[in-house]
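# I would like the atomic coordinates for the input below:
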Amino acid sequence: MIGVNLTDLSTGGASGEIIDAGNCSEVADIIDAVEFRSAVPCDFETVLDPDAPALCEAFGSVQTTLFEDFESGSLPLGWTASSHDVVNPGSFDNPGWMVVDSLPAGGPAGSFSAFAPDLNQGNCSDDNEAGAVSLDSPVIVLPAGAPPHVAFDHWVAIELGWDGGNVKVSVNGGPWTLVPADAYSFNPYNSTLNPNDNPLTGEDAFTGSNEGSVGGSWGQSQVDLYGLALPGDSIQLRFDLGIDGCFGLIGWYVDDVHLYTCSDEPLPICGDGLLDIGEVCDDGNMGDGDGCSSSCQVETGFICTLPIAGIPPIPSQCVTDTDSDGVGDDVDNCNLVANANQRDTDGDGFGNICDPDLNNDCLVTVCTDDFGSPECNASGTDMGQMSLVFFGSDPDADLNGDGVVNFLDLGILNTFEGLPPGPSGLTDACDVVESNPRVNAVPTLPEWSMILLSFLLALVAYSGIRRKLR
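Now for the predicted structure:
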C-alpha cells in the first residue's frame with residue numbers, strides 16, 4: 001500500500017494521506033514491541049492429554065467386545081438416555097444425552113457423537129437446574145479368559161468444580177458404582193466436584209475447560225475394568241453428567257466407546273505377591289480373613305501395604321484396623337473410634353475422642369448432682385472437670401476437636417460412664433498405673449493389699465463388737 005492515497009472516511013474521496021516506507025517501519029517496530037505475531041507465551045494445560053498410548057500396547061492385538069461410534073445418527077439400539085435425582089422437575093431444562101452432528105474439531109473420524117449439554121441457565125433458586133443426565137449402554141457379557149478394558153474418546157467443557165461427568169458401571173444387574181480414578185490407565189478424572197446440589201457432588205469427575213479457554217479438546221480415556229468386573233460378568237456402562245442449580249458452559253461429547261480385551265494379556269494371579277490390575281493388595285496367598293482376600297481386595301477391618309516388586313517380591317502386609325480409620329490397631333491410640341488424625345493433646349497415649357478421663361484416674365466418672373452446679377464442679381469427677389471449662393476451648397476437654405467444649409463432648413463423656421478411656425494400641429498412662437484396666441480389670445498388688453487391709457480392719461471391728469456383747 002506504499003504510495004496509495006488513502007480514502008477519507010468521512011467524504012469517501014481522497015484524503016491526501018499517503019503511506020510511505022517510514023510508516024511501515026513504525027508498524028513493524030510496534031509489532032515487535034507488543035509481540036502481536038508471537039506465539040502465546042503460556043504453557044496452557046488441557047483437561048485431556050491428546051497423546052493416548054495404543055490399546056493393548058505390549059499385550060498383542062485388540063479383541064473387540066463392543067464398539068459404538070454413534071454413526072447411525074441417533075441413539076443406537078440398546079442405549080438409553082435418562083435423567084435422575086432432579087431437584088425441581090418443573091424448572092429442569094436439560095434435554096439430556098442425544099446424538100449430534102455438530103462436533104468440535106479434532107475428534108475421531110466420523111460425523112456423529114453422543115452429547116450432553118451443560119446449559120448456562122438457572123438461578124439456583126426458583127429456576128433450579130440441578131440434576132443428572134445419563135447415557136447407559138446395553139448389557140454386555142464380558143468374554144472369559146482375559147481382563148476387560150474400556151476406552152472412549154471425549155471432549156469436555158463443563159462449569160469447573162460445580163458440574164461434571166464421570167463413568168459408572170453396573171455388574172450383573174447390581175447398583176451403579178463409580179469407576180474410580182485409579183482404574184484409569186490414561187486420562188483419569190481431573191477433579192472432585194464441590195459440595196452443592198449437584199447429585200454427583202463429592203464424586204471424582206471430568207470438569208472444567210482447557211486453561212486459557214472456555215472450550216475443550218479431544219482425548220481418549222482408557223480404563224482397566226478387571227476387579228470392578230470379572231470375565232464372564234454382565235455389565236452396563238453409564239456416562240453420567242451432573243449439574244448444579246445454575247450456570248453452565250458447553251457440555252460433554254463422548255464418542256468411539258470401545259470395550260475390548262487383549263490377545264496376549266494373561267489374567268492376574270492373586271496370591272503371587274505382585275500387584276496386578278484389579279488388585280488392591282496381594283499378600284502372597286489366596287486365603288480369606290487375613291486382611292487381603294482371595295480376590296486380592298482389602299477386607300473390612302484391615303489395612304494393607306502395597307506389595308513391592310523384586311526378586312523375591314515383598315507381599316502386602318496387613319494389620320487389623322477395627323475402626324477403619326487407616327491406622328492399624330497396634331499403633332492406634334483409639335482402637336474402637338475412628339480418629340485418623342490421632343489427636344492426643346495431653347500425651348497420655350489415648351486419643352482425645354476416646355479419652356474423657358480428664359482427671360487421669362483411668363476411670364470415667366460423672367456427677368451425681370446437676371451438670372454445671374457448684375456441687376458438680378467441686379466433685380472432682382470427669383464430668384465436673386468438663387463443667388468447669390464448658391463452652392471454653394480447653395484442648396483436653398475438647399474431645400471431638402472442633403475447637404470448643406460443648407454438648408457434643410459431653411455426649412462422648414456420657415458414653416464412657418464407668419469405663420476406662422481407650423482402648424489404645426499404644427503404651428498409655430493407664431498401662432503404667434495398673435495392669436491394663438481395659439482387660440478383665442485384674443487388681444494389681446497394691447490393690448490386693450488395700451483389699452486385705454480392709455478385710456483385717458473389718459475383722460478387728462467385728463471382734464470388738466463381739467467382746468462388748470459378752
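# which secondary structure elements does the helix or strand hosting residue 134 contact?
Residue 134 is located in strand 131-136, with elements delineated by DSSP states H and E. Other helices and strands packing on strand 131-136, by 3 or more C-beta pairs under 8 Å, 6 or more residues apart in numbering; DSSP states H and E, are strand 80-84, strand 113-117, strand 234-243. C-betas here are computed from N, CA, C, even on glycine.
# what's the angle from it to strand 234-243?
If you take axes from the mean of the first three to the mean of the last three C-alpha atoms, to 10 degrees, strand 131-136 sits at 150 degrees to strand 234-243.
# so who does the closest residue to residue 429 other than its chain neighbours touch?
Excluding the flanking residues, the one nearest residue 429 by C-beta to C-beta, 6 or more residues apart in numbering is residue 348, at 4.0 Å. Under the criterion of C-beta atoms under 8 Å, 6 or more residues apart in numbering, the neighbours of residue 348 are 355, 360, 421, 428-429.
# PyMOL command for the buried members of those?
Selection of buried members from the contacts of residue 348 for PyMOL, criterion 16 or more other C-beta atoms under 10 Å:
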select buried, resi 355+360+421+428+429
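# Which two among the contacts of residue 348 are spaced furthest apart?
For the contacts of residue 348, the maximum inter-member distance is 10.8 Å, found between 360 and 428 (C-beta to C-beta).
# Turn the helices and strands packed on strand 131-136 into TSV, including distance to residue 47 and mean neighbour count.
Output for the helices and strands packed on strand 131-136, formatted as TSV (distance: least, C-beta to C-beta, whole Å; neighbours: other C-beta atoms under 10 Å):
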stretch	distance to residue 47	mean neighbour count
strand 80-84	23	14
strand 113-117	16	24
strand 234-243	14	24
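# buried stuff in stretch 399-413?
399-400, 405-406, 409-410, 412-413.
# gap between stretch 182-190 and the chain center?
Centroid separation for stretch 182-190 versus its chain: 14 Å, with C-alpha atoms, centre = their mean, to the nearest Å.
# Residues touching it, excluding its own?
By C-beta under 8 Å, 6+ apart, the list of residues contacting stretch 182-190 reads 47-49, 52-53, 164, 166, 181, 204-208, 219-225, 227-228.
# pLDDT on it, on average?
If you average the pLDDT over stretch 182-190, you get 96.
# Buried ones in that stretch, by neighbour count?
Within stretch 182-190, the residues that count as buried by 16+ other C-beta under 10 Å are 183-190.
# does residue 372 count as helix, strand or coil?
coil (DSSP: H, G, I helix; E, B strand; the rest coil).
# what helix or strand does the closest residue to it other than its chain neighbours sit in?
Take residue 372 and drop its neighbours on the chain: the residue closest to it by C-beta to C-beta, 6+ apart is residue 387, 5.3 Å away. Per DSSP H and E: residue 387 is located in helix 382-388.
# CA atoms of that helix as CSV?
This file holds the C-alpha atoms of helix 382-388, laid out as CSV (Å, rounded to 0.1, in the frame of the first residue of the first chain):
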residue,chain,number,x,y,z
ASP,A,382,-14.5,-36.1,84.9
MET,A,383,-17.9,-34.5,84.3
GLY,A,384,-17.1,-31.9,87.0
GLN,A,385,-13.8,-31.2,85.2
MET,A,386,-15.6,-30.7,81.9
SER,A,387,-18.2,-28.5,83.6
LEU,A,388,-15.5,-26.1,84.8
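# now it, how far from the centre of its chain.
Relative to the centre of its chain, helix 382-388 is centred 38 Å away, using C-alpha atoms, centre = their mean.
# Walk me through the domains of the protein.
Following automatic domain parsing, one finds the domains of the chain at 5-34, 62-262, 347-439, 443-470.
# how close does the residue nearest to residue 429 get to residue 405?
18 Å (C-beta to C-beta, to the nearest Å).
# what ranges do the helices span in the stretch 51-200 of the chain?
For the stretch 51-200 of the chain, applying DSSP state H, counting those that start in this stretch gives no helices.
# Sorry, wrong one. I was asking about the stretch 251-400 of the chain.
In order along the chain, the stretch 251-400 of the chain carries the following helices (DSSP H, counting those that start in this stretch): 374-377, 382-388.
# how about those helices in a markdown table, adding mean pLDDT, distance to residue 81 and mean neighbour count?
A markdown table is the format used below for the helices of the stretch 251-400 of the chain (pLDDT from 0 to 100; distance: least, C-beta to C-beta, whole Å; neighbours: other C-beta atoms under 10 Å):
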| stretch | mean pLDDT | distance to residue 81 | mean neighbour count |
| --- | --- | --- | --- |
| helix 374-377 | 92 | 64 | 15 |
| helix 382-388 | 95 | 57 | 23 |
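# looking at this protein, which helix or strand does the model trust least?
helix 445-469 (a mean of 41; mean pLDDT, DSSP states H and E).
# Restricted to strands, list the buried residues of stretch 182-190.
Secondary structure from DSSP state E places 184-186 of the buried residues of stretch 182-190 in strands.
# Show me which of these is closest to residue 315.
Checking those one by one against residue 315 (C-beta to C-beta), the nearest turns out to be residue 185, at 23.4 Å.
# Please report the distance of the closest one from residue 215.
Look at residue 185 and residue 215: by C-beta to C-beta, they are 26 Å apart.
# do the same with residue 173
For residue 173, the distance to residue 215 equals 39 Å [C-beta to C-beta].
# higher neighbour count, these two?
Ranked by neighbour count (other C-beta atoms under 10 Å), residue 173 and residue 215 place residue 215 first, with 15 against 9.
# doesn't residue 253 make contact with that one?
No: the pair residue 215 / residue 253 is not scored as a contact, 11.1 Å apart, by C-beta atoms under 8 Å.
# Could you tell me which residues touch both of those two?
residue 104.
# Rebuild the domains of the chain as CSV, extending it with distance to residue 279.
What follows is these, written out as CSV (distance: least, C-beta to C-beta, whole Å):
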stretch, distance to residue 279
domain 5-34, 56
domain 62-262, 7
domain 347-439, 28
domain 443-470, 48
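# and of those domains, who's closest to residue 309?
The closest of those to residue 309 is domain 62-262. By C-beta to C-beta, the value is 17.4 Å.
# starting at the chain centroid, how far to that closest one?
Domain 62-262 sits 18 Å away from the centroid of its parent chain (C-alpha atoms, centre = their mean).
# ok, residue 82 - contacts?
96, 133-134, 136.
# bridging residues for it?
According to DSSP bridges, the partner residues bridging residue 82 are residue 134.
# Tell me how far it lies from residue 135.
Separation of residue 82 from residue 135 (C-beta to C-beta): 8 Å.
# Could you do residue 381 as well?
62 Å.
# Pull up the gap between residue 155 and residue 116, please.
For residue 155 relative to residue 116 (C-beta to C-beta), the value is 11 Å.
# repeat for residue 384
Distance of residue 384 to residue 116, given as C-beta to C-beta: 61 Å.
# same question, residue 103
Separation of residue 103 from residue 116 (C-beta to C-beta) stands at 14 Å.
# What of residue 309?
Taken as C-beta to C-beta, the span from residue 309 to residue 116 is 41 Å.
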